Structures are given as structure tokens and as C-alpha cells.
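In: one predicted model, sequence on top.
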Amino acid sequence: MTRTGGEARRRVLLEEAVRQFGSKGYDGASLESVASACGVRKQTLLYYFPTKDALFEACVLEVSVRVAQALTDALAEELEPSRKAETVIRTLFSLAEEWPVFPQFAREAGRMGPEIVQRFAEALGPLRLRALGFLRSSMDEGRIRRQDPALLLFTLYTAVVGSITEAGVLRAVVGEDRGRMALRRREEEVLAFVRSALAPVAEEPPRSAPGAR
């Protein structure tokens, strides 16, 4: 097998594994089902990924790298600082729309424990540092209300990723359908929430002392 052909087969196996882990969960997916769906023997899959854990970890890396690249490209094209946060949100929702297995897999990965979450965080580390720097400088310039940037970033992350990955919970709570329009409604709601969270607070006029006229 040529090196190029081997890499292409490895990518096909990863894409199918991401799909199955997302739709069936870690326990529901199997090496046999992934191999069969790709038209190869289990032994071929084991050549690339010796264990199920190794396959899942490779999927975590594949998804995190793709998300990081999408965000990096989008942020590089957005030159207006005030629209950076909105660009991140729209990019993640677009990715969820174009690649439906992404939110499914991200949800399952998040349930696998802190080690898996840490691997996602490591792949997105440079973007996290950029985001913290952006929040701090925006606060210093008065474009964002002053608050703890790390806690703010965590809150924004939870709101955005939760609205994408926990679609089942949202449907149970608010009765949303599964269509693209529902995803876009959630996107606009998250954008409104983030704009409100970032908006600087107008300074209140000084209060008069008690008894003063």
C-alpha cells in the first residue's frame, strides 16, 4: 500500500469512527462495525489503531484539529475586533450544520472524563490564549464590561458549545425540532446572549448625598 493510499484509508476510518462514536456512543460503537462500514477487515483497522481507545483518541485529535483550523481561518479573515466573538460563534454553528457528527461526537467525548476534555483543550490552547488576550484588551479599552476574563470565557464556551451539542436536552425543554432552522434560531439566541454579556455597562451618574438638594 502506498503512503498516500494508507493515509487516505486512515482518514476514511477516522471519519466513520467519529460518526459511529457520535451516534452510538463509545460503548455502542465497535471496531468491527467501523471496519465493516468502510469495507475492510477488522485486522486492517487494527493496523492503524491497535485498540478501541487508540481509535477514540485519534478521533478526538481529528475533531479538535478540524475545529481549531476552522476557527483560526475564520478569525484571520475577520479584521474588525468587535466582531471576533461573533465570528467564533457563527463558525461553530456553521461547522455543526455542515458536519452534523461534530456536535454528536463532542457531546460523547465530553462525557468520557476530564482526560478527554483536556486533550480537546490542548488542541485549542493557542486559541484560548488569544481569546483571553482579546477579552483583557477589550476590557482595558472599554469595549467589554470589566469582569474575570477566564470565567467569562468559560461562560461563553458553555453557552455556545452546550447549545450545539445538547440538542436533545433543548428539544425536551423547549420543544425544538431537528431542522436547520432550529439550529439557526439557537445561533441567534446565543449571539444575543453573548452581545449582552460583553456589552459595557453605562456609567451611572453619581448619587447625591443624603439630604442634599
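Out: Good, I have the coordinates. Numbering: from 1, shown residues only.

In: in this protein, which helix or strand is least confident?
Out: helix 167-174 (a mean of 44; mean pLDDT, DSSP states H and E).

In: now the very next helix or strand once past it: average pLDDT?
Out: Sequence order places helix 180-198 as the next helix or strand after helix 167-174, per DSSP states H and E. Average pLDDT, helix 180-198: 83.

In: chain center to helix 180-198: distance?
Out: Here helix 180-198 is found 15 Å from its chain centre; the criterion is CA atoms, centre = their mean, to the nearest Å.

In: low-confidence ranges, this structure, go.
Out: Scanning the chain for pLDDT under 70 picks out 1-4, 166-180, 201-213.

In: quick one: the helices in it?
Out: 3-28, 31-37, 42-48, 52-77, 84-98, 101-110, 114-123, 125-140, 149-165, 167-174, 180-198 (DSSP state H).

In: redo those helices as CSV? Include mean neighbour count.
Out: All C-beta spots, glycine's among them, are computed from the backbone N, C-alpha and C. Converted to CSV, those look like this (neighbours: other CB atoms under 10 Å):
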stretch, mean neighbour count
helix 3-28, 16
helix 31-37, 16
helix 42-48, 15
helix 52-77, 16
helix 84-98, 18
helix 101-110, 21
helix 114-123, 14
helix 125-140, 15
helix 149-165, 17
helix 167-174, 13
helix 180-198, 15
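
In: now the residue nearest in space to the middle of the chain: how far from Val67?
Out: Nearest to the geometric centre of the chain sits Val161, at 5.2 Å (CA atoms, centre = their mean). Going from Val161 to Val67 by CB to CB, to the nearest Å gives 10 Å.

In: lovely, talk soon.
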